[in-house]
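Asker: here is my input, please return the structure:
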Amino acid sequence: MLPSHTITAFTPVTINAGHSTADGDIAVGAAALTVKVVARKVSFDLSTFILRPHHPPQELLAWIDERTGDDQATLSTYWPKRVVKALSQLPDAAYSSGIRNLAGRGSQPIIRLQVQDMTGFISLQKACAYAEIACGSTPAAERFAAWVKGDMDQIIVDAEIDAIATWRMTVAAIERKSRLGRELARVLHRHLVHWLRDTDRASTRAHERNLTPIAG
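Answerer: Down below sits the predicted model:
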C-alpha cells in the first residue's frame with residue numbers, strides 16, 4: 001500500500017558527551033521534512049527545532065507532537081526503535097502523542113527505514129554513506145561542544161541534511177514497492193530536484209551536489 005499524499009520524514013537531533021555507543025545519545029532537537037501532493041503540485045516544508053541549554057524539554061516534545069500530528073500523513077523515520085528510545089528519555093515523554101506516533105502506536109502509517117550489515121542495523125550516517133546520500137557530518141564531540149556554547153548554526157544544517165536524507169531514503173523505499181511505486185518515486189524525485197535547486201540553504205546545496213537519478 002502506497003503512502004498518503006502527505007509524508008513527513010522525521011529525524012532526531014542528538015548529542016553525546018563521550019559515550020562510546022548510541023546508548024549515550026541525548027535528544028536535543030529534531031528536523032522534519034513534510035512533502036504534500038495536492039492536485040499534481042508538490043510542496044516541501046523543512047523545519048527544525050533545537051533545544052537551547054537550560055530550556056525545558058517539553059518545548060521539543062510540543063514541536064514533535066505538532067509536526068507528527070497530521071492524521072492524514074504517513075510518517076517516515078530511520079531506525080524508529082532507536083529514535084523512540086532517544087526521545088523517550090525526555091521528561092514527560094510518556095505523554096507525547098508524537099513519540100507514540102513514531103513508535104507506530106498512532107493512527108498514521110509509518111515507513112520504517114532500516115539498513116543492516118553483518119553486525120546488525122547500522123546508523124543513519126553509515127546508511128547514507130552506503131547509499132551515497134549526503135548526511136550530517138559534524139563529529140559528535142564538536143556537536144556537543146557547539147550545543148553547550150549555544151552555537152546552533154551547524155547543528156541546524158546537519159539536522160536539515162539528515163531530514164532530506166531520510167526523505168530520499170523514503171522515496172527509494174517507495175520505489176521498491178511496485179511498478180506504481182517506481183512511477184511515483186520518479187515524480188517525487190523530479191520535484192525534489194527542482195526544490196533543492198530553488199532553495200538556497202546549505203542543507204539543500206549539500207544534497208543537490210550528490211543527486212542521482214531514479215532508474216526508469
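
Asker: now the element after the lengthiest strand in the chain, going C-ward?
Answerer: In the chain, taking DSSP state E as the definition, the longest strand is strand 25-38. Under the assignment DSSP states H and E, the closest C-terminal helix or strand after strand 25-38 is strand 41-50.

Asker: returning to what we had before: the longest strand of the chain pairs with which strands?
Answerer: strand 6-16 (antiparallel), strand 41-50 (antiparallel) (DSSP bridges).

Asker: report the rounded mean pLDDT for the shortest one.
Answerer: Within the predicted structure, the mean pLDDT of strand 41-50 is 96.

Asker: can I get the following helix or strand past it in PDB, CA atoms only?
Answerer: In the C-terminal direction, the helix or strand that comes right after strand 41-50 (DSSP H and E) is helix 58-67. C-alpha atoms of helix 58-67 as PDB (Å, rounded to 0.1, in the frame of the first residue of the first chain):
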ATOM      1  CA  GLN A  58       8.700  19.900  26.900                       C
ATOM      2  CA  GLU A  59       9.200  22.600  24.200                       C
ATOM      3  CA  LEU A  60      10.800  19.900  22.000                       C
ATOM      4  CA  LEU A  61       8.000  17.400  22.700                       C
ATOM      5  CA  ALA A  62       5.400  20.000  21.800                       C
ATOM      6  CA  TRP A  63       7.100  20.600  18.500                       C
ATOM      7  CA  ILE A  64       7.300  16.900  17.700                       C
ATOM      8  CA  ASP A  65       3.700  16.400  18.600                       C
ATOM      9  CA  GLU A  66       2.700  19.200  16.200                       C
ATOM     10  CA  ARG A  67       4.900  18.100  13.300                       C
END
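
Asker: now do the buried residues in helix 58-67.
Answerer: For helix 58-67, the neighbour count (16 or more other C-beta atoms under 10 Å) marks 60-61, 63-65, 67 as buried. C-beta: built from backbone N, CA, C; applies to glycine.

Asker: now stretch 148-165
Answerer: Here stretch 148-165 shows 152, 155-165 as buried, counting by 16+ other C-beta under 10 Å.

Asker: over to stretch 43-56?
Answerer: Quick answer for stretch 43-56 (16+ other C-beta under 10 Å): 44, 46, 48-51.

Asker: what does that stretch contact?
Answerer: 13, 28-36, 57, 59-60, 63-64, 67, 147-148, 150, 152, 155-156, 159-160, 163-164, 191-192, 195, 199, 201, 203 (C-beta atoms under 8 Å, 6 or more residues apart in numbering).

Asker: show me which helix runs longest in the chain.
Answerer: In the chain, with assignment by DSSP state H, the single longest helix is helix 153-175.

Asker: report all helices and strands that the following helix or strand past it contacts.
Answerer: Proceeding N to C from helix 153-175, the next assigned helix or strand is helix 179-198, under DSSP H and E. Here helix 179-198 touches strand 41-50, helix 153-175, helix 202-208, going by 3 or more C-beta pairs under 8 Å, 6 or more residues apart in numbering; DSSP states H and E.
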